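Undergrad: Fold the stuff below for me.
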Amino acid sequence: MKIFLNAGHGGNDPGAVGKSGLKEKNVAVQVVKILKERLILNGYPVQTYQEKYHYTEVSKEANKSGAALFISVHCNSAANPQAHGTEVLYYPTSNKGKELAAILQNELTKATGLYNRGIKPRGDLHVLKSTNAPAILAELAFISNPGEEKLLKENPEMFANAIWEAIKIYKTKGLL
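TA: Numbers count the residues shown, from 1 in each chain. Predicted structure coming up:
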């Protein structure tokens, strides 16, 4: 029942960068670090990984780990700084992924008060289609929105706690 946590982007790829210079890869690392500690304290085997050279290595590492669940943590970005909210992506044919996405989306909006952009199937994302375990990709908030960027920088534990709550609910439903 190992959980694989992927802090999005990494290596030479910073991901999206907010107006203040906050990098998506650094936000993702902070959230994953907090979440990993919480999971370990509660007896969950966890493996974390952040891309070093190319995004395809993430799913290879996840598959080698034998994880029962894959969660990739990201920040959204848009040209319009007014874009806002949280959303969770899943692979279209993954029922467990869809279920976890719905649970996490609910927990994220409840914890943060951010606009609910919903859950979305994405068949084109490598980490969702090439990972053996049920996989989701959480777009926590818009790093391109100054208010949400500040929230991402100052409250990574809020996002980690929401993911933790979602994992507990997912397990309670017998899916983990």
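Undergrad: Quick one: the helices in the protein, in order.
TA: 24-41, 56-65, 95-112, 126-129, 146-154, 156-172 (DSSP state H).
Undergrad: Using CSV, lay out those together with mean neighbour count.
TA: Yep, even glycine has a C-beta here, placed from its N, CA and C like the rest. Formatted as CSV, these follow (neighbours: other CB atoms under 10 Å):
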stretch, mean neighbour count
helix 24-41, 20
helix 56-65, 18
helix 95-112, 21
helix 126-129, 18
helix 146-154, 18
helix 156-172, 20
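Undergrad: Between the ones you listed, which one is closest to residue 50.
TA: Nearest of those to residue 50, taken as CB to CB: helix 24-41 at 6.5 Å.
Undergrad: Quick one: residues in contact with the closest one.
TA: With contacts defined as CB atoms under 8 Å, 6 or more residues apart in numbering, helix 24-41 is touched by 3, 5-10, 13-17, 46, 48, 50, 73-75, 77, 140, 143, 152-153, 156-157, 159-161, 163-164, 167.
Undergrad: pull the CA atoms of it into PDB?
TA: Output of helix 24-41 as PDB, limited to C-alpha atoms (Å, rounded to 0.1, in the frame of the first residue of the first chain):
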ATOM      1  CA  GLU A  24       6.300  25.700  -9.100                       C
ATOM      2  CA  LYS A  25       8.900  23.000  -8.500                       C
ATOM      3  CA  ASN A  26       9.700  24.600  -5.000                       C
ATOM      4  CA  VAL A  27       6.100  24.800  -4.000                       C
ATOM      5  CA  ALA A  28       5.600  21.100  -5.000                       C
ATOM      6  CA  VAL A  29       8.600  20.000  -3.000                       C
ATOM      7  CA  GLN A  30       7.400  21.900   0.100                       C
ATOM      8  CA  VAL A  31       3.900  20.300  -0.100                       C
ATOM      9  CA  VAL A  32       5.300  16.800  -0.700                       C
ATOM     10  CA  LYS A  33       7.700  17.100   2.100                       C
ATOM     11  CA  ILE A  34       5.000  18.000   4.600                       C
ATOM     12  CA  LEU A  35       2.700  15.300   3.200                       C
ATOM     13  CA  LYS A  36       5.400  12.700   3.300                       C
ATOM     14  CA  GLU A  37       6.100  13.400   7.000                       C
ATOM     15  CA  ARG A  38       2.400  13.100   7.800                       C
ATOM     16  CA  LEU A  39       2.000   9.800   5.900                       C
ATOM     17  CA  ILE A  40       5.100   8.300   7.600                       C
ATOM     18  CA  LEU A  41       3.900   9.300  11.100                       C
END
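Undergrad: and the angle from that helix to helix 156-172?
TA: Using axes from the mean of the first three to the mean of the last three CA atoms, to 10 degrees, the inter-axis angle of helix 24-41 relative to helix 156-172 is 50 degrees.
Undergrad: If anything else comes up later, I'll come back, but that's it for now.
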